[in-house]
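Colleague: need coordinates for the below:
(one chain, ligands or ions: 1)
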Amino acid sequence: MPATDLEDATTLDADLAAERTHLDTSRAALRRMRERAEALFATGDKVAGDAYTAEQLGRHMARRVKELADDPTTPLFFGRLDFGEADPDHAGRDYHVGRRHVTDERGEPLVLDWRAPVSRSFYRASARDPQGVAVRRRFGFSAGVLTSFEDEHLDRGEELGTASRILTAEIERPRVGPMRDIVATIQPEQDELVRADLADSICVQGAPGTGKTAVGLHRAAYLLYLHRERLRRSGVLIVGPNRAFLSYIASVLPALGEVEVEQATVEDLVARVPVRAVDDPAAATLKHDVRMAEVLRRAVDAHIGTPTEPIMVSDGSFRWRIGIDPLHRLVAETRQEGLPYAVGRERVRARVVGLLQRQAEARRAESPSDAWLRRMSRIKPVTDLLDAVWPALTPEGLLHRLRTDADALGAAADGLLTAEEQELFRSGKVARTAKATRWTAADAVLVDEVAGLLERPAGFGHVVVDEAQDLSPMQCRAIARRSEHGSITLLGDLAQGTAPWAATDWRESLAHLGKPDAAVVPLSVGFRVPAAVVAFANRLLPALAVDVPPARSLRHDGALDVRTAEDLTAATVAEVRAALAHDGSVGVIAADSTVDTLRAALAEAGVETATADDVEAAARVTVVPATLVKGLEYDHVVVVEPAAIVAAEPRGLHRLYVVLTRAVSRLAVLHREPLPMPLAG
Ligand SMILES: Nc1ncnc2c1ncn2[C@@H]1O[C@H](COP(=O)(O)OP(=O)(O)OP(=O)(O)O)[C@@H](O)[C@H]1O
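Modeller: Okay, the predicted model is just below:
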């Protein structure tokens, strides 16, 4: 070895050793921080003055202890920034960037949180715009052990970009278990979205595997870091398409130290009534149509009447009277205020009592007591008036009435729904009472809409909506009600829309979500699907009738194997066996109706399988129905009989596009019937 190389190697070894020492020091410091938090947690109830404070403090400390958990398999830091001498704020300093702040005993930073302002340069600095950074270092780890690093001397114009060895290794690593965070390798175009202001609502259109889900989760973590108190009070909500997806992403935020984010499907959000029936597709489509919002608004509004007689109230030896004119005015004014219906009802009550109070004060020259006010607000003449001009409503009751009373529906839907549509809306079995009615999933959305007209739900400070292309206008409104005073991150891909009401234009979805001016931003680099597989799946795009920008895949490895098989079940078993010879997960994706047969055949062949919602399962093979695979990924994907997947539903080609884009390394397509047209080409 020439002397200079030897010197380089020695320096490298010394550098690596120094970095390992820094990692050990940081781990020890984190352990101390956690021990201190635990000790405080243990004594918290003794120092807190009262039970409430003790509980608050206890919760805070418990969270802090959880946040400080150290997972030995994930590195505490993954990068380092060395600032140049000329930088005005950080001249000559270096910082390690990691998952959370770690400080030494004197409070000096050993590791900076990736979300801190200084860390931004780790993701954004480039040779063209070094942002004061002389050297950016990325670390390579293997099972928690620091094994290598990679330097970019930005001050010398060196930049690796997506050619980084460490980025490539991260993207190509075999996938096992649930989704992981990407903090070490967030790309500049993703980082811009992650660090967008809390006030900004954004919509991300990205092809499969461009990191939309990753961006949404990291944005949630970033916003929580920056606006901790505010968002802790109002809350952050992640909306995903189904349980399997939610369990797949569930551990990303806790790994980033964020343990208090709510995750739900839209069905969870609107679960005021149990869903016990299924609509036929035409009725479901009608119920998800945005015109229903106006029908329901009118139906609620129709309950507000006009007073027809004055109010007389006997109060001991006094009699109070409110004439018809003031009552008219009072109801009309309240109506004009456009309050939620139930709030309006209470406002009318309070105003009537206010008028009674004024009369009582004038006659008795003293203010009536609270007990008197309470009695008046419940006295029969007052409640009779309310029941006549502003009766109490329940969401289920109102919807039940529209289903059973053709005249009530006719009045509310006049000029909005045709006679046939009204009939369709009223079709299906309806019980005699609202309580006994077996509601459908679409009914639940309508019940929620009515509930929102009666009373505003508490909103979240930020809502991340994934796979948003599948939301119906009415579902968008359910989310809008929960983010009225907050912002949203909408993530999706119009090409992957499989619901009958799937979006074809983000502007429309954004309008229904109450954020018409949100920017629509494309993500264009694919991190999951190998180029050959993307090219194959892209043959479907022209048939999907959507206008989406194409993505460029970062992966040029990977394999695609499309072949016919006489016995599909046997071919699937053989393919899975072969796939198990490689590292990583295996996903068998088939039309929903054939999943059980395939599972049984694999079991018979001695291959253990898991279901999609069991991400912690030991089995490496998952058999997934095509309708549940959205958002998921597997190293090796076996797609069984594409024609059956397409034939199973009206937007079957979109479904197939989703199915074909789940593969991280290898895709095998097995078919007996001819491939669907656009693929055969
Ligand atoms: N910057 C990155 N560095 C490393 N891996 C990344 C990066 N961005 C995305 N990935 C990985 O690429 C894969 C796809 O990401 P993700 O699931 O977020 O994509 P998506 O756009 O939501 O896909 P889909 O449209 O299929 O739902 C994941 O394994 C994710 O961890």
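
Colleague: CA only for contacts and neighbour counts going forward, please
Modeller: Noted.

Colleague: hang on, residue 462 packs against residue 239?
Modeller: No - if you go by CA atoms under 8 Å, residue 462 and residue 239 don't touch, sitting 11.0 Å apart.

Colleague: write out the residues of the chain neighbouring the ligand.
Modeller: Proximity of the chain to the ligand (CA under 6 Å from any ligand atom) is limited to residues 170-171, 180, 182, 185-187, 206-214, 527-528, 631.

Colleague: tell me which of these fall in helices.
Modeller: 170-171, 212-214 (DSSP state H).

Colleague: neighbour count and pLDDT for those residues - can I get that in a markdown table?
Modeller: Shown next, in a markdown table, are those (neighbours: other CA atoms under 10 Å; pLDDT from 0 to 100):
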| residue | neighbour count | pLDDT |
| --- | --- | --- |
| 170 | 16 | 80 |
| 171 | 17 | 80 |
| 212 | 27 | 96 |
| 213 | 22 | 94 |
| 214 | 20 | 94 |
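
Colleague: that older thread, residue 462 and residue 239 - which one has more neighbours?
Modeller: Ranked by neighbour count (other CA atoms under 10 Å), residue 462 and residue 239 place residue 462 first, with 28 against 22.

Colleague: local confidence estimate at the more buried one?
Modeller: On pLDDT, residue 462 comes in at 97.

Colleague: please apply the same query to the one 5 residues further on.
Modeller: In this prediction, residue 467 carries a pLDDT score of 96.

Colleague: with residue 3 instead?
Modeller: So residue 3 comes in at 44 (pLDDT).

Colleague: then residue 141?
Modeller: In this model, residue 141 carries a pLDDT of 85.

Colleague: same question for the one 10 residues further on.
Modeller: What the model reports for residue 151 is a pLDDT of 94.

Colleague: what strand or helix carries it?
Modeller: Take DSSP states H and E as the rule and residue 151 turns out to sit in strand 145-153.

Colleague: so which bits of that strand are buried?
Modeller: 146, 148-149, 151-153 (16 or more other CA atoms under 10 Å).

Colleague: likewise for stretch 183-201?
Modeller: Neighbour-count burial for stretch 183-201 [16+ other CA under 10 Å]: 183-195, 198, 200-201.

Colleague: nearest to residue 469 among those residues?
Modeller: residue 201 (16.2 Å; CA to CA).

Colleague: where's that closest one relative to residue 614, distance?
Modeller: If you measure residue 201 against residue 614 using CA to CA, to the nearest Å, the figure is 33 Å.

Colleague: now do residue 566 against residue 125, distance only.
Modeller: For residue 566, the distance to residue 125 - CA to CA - is 55 Å.

Colleague: please apply the same query to residue 576.
Modeller: Distance from residue 576 to residue 125, by CA to CA: 44 Å.

Colleague: ditto for residue 530
Modeller: Taking CA to CA, one finds residue 530 at 28 Å from residue 125.

Colleague: so for these two, which sits in the more crowded spot?
Modeller: Using other CA under 10 Å, the more surrounded residue of residue 530 and residue 125 is residue 530, with 26 against 21.

Colleague: SS state for residue 81?
Modeller: strand (DSSP: H, G, I helix; E, B strand; the rest coil).

Colleague: I figured it was touching residue 94, is that so?
Modeller: Yes - applying CA under 8 Å as the test, residue 81 and residue 94 come out as touching, 5.4 Å apart.

Colleague: have a look at these two and say which one is more surrounded.
Modeller: residue 81 (24 against 17).

Colleague: contact partners for that one?
Modeller: Shown in contact with residue 81 (CA atoms under 8 Å, 6 or more residues apart in numbering): 94-97, 122, 133-137.

Colleague: residue 223 versus that one, what's the distance?
Modeller: For residue 81 relative to residue 223 (CA to CA), the value is 23 Å.

Colleague: now do residue 162
Modeller: From residue 162 to residue 223 the distance is 26 Å (CA to CA).

Colleague: out of those two, which sits in the busier spot?
Modeller: A count of neighbours by other CA under 10 Å puts residue 223 above the other of residue 162 and residue 223, at 21 against 13.

Colleague: secondary structure element holding that one?
Modeller: helix 212-226.

Colleague: tell me which stretches of the stretch 1-150 of the chain form strands.
Modeller: Remark: strands assigned in the stretch 1-150 of the chain by DSSP state E, counting those that start in this stretch are 77-83, 94-98, 102-103, 109-113, 133-142, 145-153.

Colleague: residues of stretch 226-245 that come out buried?
Modeller: Going by 16+ other CA under 10 Å, stretch 226-245 has these buried residues: 226, 231, 235-245.

Colleague: redo those as a markdown table? Include pLDDT and secondary structure.
Modeller: Formatted as a markdown table, these follow (pLDDT from 0 to 100; DSSP: H, G, I helix; E, B strand; the rest coil):
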| residue | pLDDT | secondary structure |
| --- | --- | --- |
| 226 | 93 | helix |
| 231 | 92 | helix |
| 235 | 93 | coil |
| 236 | 95 | strand |
| 237 | 96 | strand |
| 238 | 96 | strand |
| 239 | 97 | strand |
| 240 | 95 | strand |
| 241 | 93 | coil |
| 242 | 91 | coil |
| 243 | 89 | helix |
| 244 | 87 | helix |
| 245 | 90 | helix |
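
Colleague: those residues: which two are farthest apart?
Modeller: Checking the buried residues of stretch 226-245 with CA to CA, the most distant pair is 226 and 244, at 29.9 Å.

Colleague: pLDDT weak spots in the stretch 451-600 of the chain?
Modeller: Along the stretch 451-600 of the chain, no part satisfies pLDDT under 70.

Colleague: and the strands in it?
Modeller: So, for the stretch 451-600 of the chain - with DSSP E, counting those that start in this stretch - the strands run 462-465, 487-492, 519-523, 525-526, 552-553, 559-564, 586-590.

Colleague: neighbours around residue 434, how many?
Modeller: 18.

Colleague: who are the contact partners of it?
Modeller: Residue 434 touches 396-397, 400, counting by CA under 8 Å, 6+ apart.

Colleague: does it belong to a helix, a strand or coil?
Modeller: State at residue 434, reduced to three classes by three-state DSSP: coil.

Colleague: check what pLDDT residue 6 gets.
Modeller: You'll see residue 6 listed with a pLDDT of 50.

Colleague: cool, residue 70 as well?
Modeller: So, for residue 70, pLDDT stands at 62.

Colleague: can you redo the strands of the stretch 451-600 of the chain as TSV with distance to residue 36?
Modeller: Output for the strands of the stretch 451-600 of the chain, formatted as TSV (distance: least, CA to CA, whole Å):
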stretch	distance to residue 36
strand 462-465	32
strand 487-492	36
strand 519-523	43
strand 525-526	43
strand 552-553	46
strand 559-564	51
strand 586-590	43
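
Colleague: sorry, back to before: out of the contacts of residue 81, which two sit at the greatest distance?
Modeller: Greatest spacing in the contacts of residue 81, by CA to CA: 97 and 134 (15.2 Å).

Colleague: neighbour count: these two, which is higher?
Modeller: residue 97 (29 against 24).
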